[in-house]
Structures are given as structure tokens and as C-alpha cells.
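Asks: Here is my input; please provide its structure:
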Amino acid sequence: MAAEADTARDNAWRGANNFLKAMTAHPTDQVRQAAIETKTLFDKYGDPTTLPQTEENGILHNLLQDLKAIDSSKLTSLAFDAWLTNLETCETAFLSAVSQRTEETAARQVGIVKEIRQTADNAYRSLVELVNALTVVNGEAPYATFIDHVNAIIDRQKTVLKARQTNAKKKGGRR
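Replies: Predicted structure coming up:
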């Protein structure tokens, strides 16, 4: 949706820019002067359609503010109102689509991490149950080295997690 909204926004900018370019040759002086004044704003910011989306957002935001500052009677005499409304609508639709995309991505990532953590926890529990069952059946001696290695890995991971928590608390305290 965001890509489609970005394309619509680009097309709205191009259409408005092309309209103004054509209107700068209008035979009526008043309309021609209004077109030149409005086209100057488009030229001031340049073509944002080839820029990264964040830069394009900033340029279009500023352009729309500047366009709204122009006397509305000039825009009406130029018949630019519909073009301005279309550009605003497309910009709003794009920002909404990006916001929705961001929320979906954030929710998806949180869900994936939680799911993977649960899978790892379940695998660990199954391993512990299996090793405990085998030690009951066969005795501890055949599995002692394996158990020691697993316990060493667990202790190392606990130390790493504890250090991360400590560092996070230190960084959180500085803010």
C-alpha cells in the first residue's frame, strides 16, 4: 500500500507541476503571474519524486505549507485548487500507509521474537527431560560430560545476559 501511495503521490506532484508549467504561458496576465508565482515554489524545492521517501516527505510538507500560504484567490483564478487538494490527499494517504506499514512491521517482529523464544524454551525443556530420563535408565556416568558441557554453556549465557542487563541499567540511568 505504501508503494502504491508513493506512486500516486509522485504522479500528483508531476501533474501539478506540469499544469503550472503550462499555465505560465497562459494568455491572461493575472493567471500567468499566479502560475509563475506558484511554479516558483515547485522549482524552489525541485523534483522530490526521485528522492528517498523521508526526504520527499519533508519537501512535500514544506511545499504544501508554502502553497497554502499563497492567496487562495490566486490559486482559484489559476484553477489550481483541485491540483492542491489532490496533492494533499495523496500525501496524507502515503503518510497513513507508511504509518500502518510501520505498525504491522513492529507487531510482526515482536511476534516472531516471542515465538522463537518459546520454541527455544520448549526445545530446552525437552532436552532436559530426555537427559534426565536417560540418566534414570542408564545412570549418570555415560552422560556426565554432556551434562557438564551443557551446564557450562548455560552458565556462560547467564553471565552474558546479566552483563547486558547491567549495561542496560547503566545506560538507562544516564538519560
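
Asks: Look at residue 131 and say how many residues are nearby.
Replies: 15 (other C-beta atoms under 10 Å). All C-beta spots, glycine's among them, are computed from the backbone N, C-alpha and C.

Asks: what's the spacing between it and residue 1?
Replies: 50 Å (C-beta to C-beta, to the nearest Å).

Asks: for this structure, what's the longest helix?
Replies: As assigned by DSSP state H, the longest helix anywhere in the chain is helix 81-138.

Asks: so what does the helix or strand bottoming out on mean pLDDT in the chain touch, helix or strand wise?
Replies: Taking all helices and strands of the chain together, the one with the lowest average confidence (mean pLDDT, DSSP states H and E) is helix 144-174, at a mean of 82. Helices and strands touching helix 144-174, as assessed by 3 or more C-beta pairs under 8 Å, 6 or more residues apart in numbering; DSSP states H and E, comprise helix 81-138.

Asks: ok, residue 35 - how many residues close by?
Replies: Residue 35, neighbours per other C-beta under 10 Å, totals 24.

Asks: what's the nearest residue to it if we skip its chain neighbours?
Replies: Sequence neighbours aside, residue 23 is the residue nearest to residue 35 in space, at 3.6 Å (criterion: C-beta to C-beta, 6 or more residues apart in numbering).

Asks: tell me the phi and psi of that neighbour?
Replies: Recorded main-chain torsions at residue 23 are phi -70, psi -20, according to degrees, to the nearest 10.

Asks: ok, it - contacts?
Replies: With contact taken as C-beta atoms under 8 Å, 6 or more residues apart in numbering, residue 23 is in contact with 31-32, 34-35, 39, 78, 80.

Asks: how far away is it from residue 40?
Replies: Relative to residue 40, residue 23 is positioned 13 Å away (C-beta to C-beta).

Asks: Report the angle between the least confident helix or strand of the chain and helix 81-138.
Replies: Using axes from the mean of the first three to the mean of the last three C-alpha atoms, to 10 degrees, the interaxial angle of helix 144-174 with respect to helix 81-138 works out to 150 degrees.

Asks: Go ahead and measure how far helix 144-174 is from the middle of the chain.
Replies: Helix 144-174 has its average C-alpha position 33 Å from the chain's average C-alpha position, going by C-alpha atoms, centre = their mean, to the nearest Å.

Asks: elements contacting the longest helix of the chain?
Replies: Identification of packing neighbours for helix 81-138 by 3+ C-beta pairs under 8 Å, 6+ apart yields helix 2-23, helix 53-69, helix 72-77, helix 144-174.

Asks: Pipe those helices into TSV and attach distance to residue 106 per row.
Replies: Supplementary listing: those in TSV, determined by distance: least, C-beta to C-beta, whole Å:
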stretch	distance to residue 106
helix 2-23	14
helix 53-69	17
helix 72-77	39
helix 144-174	20
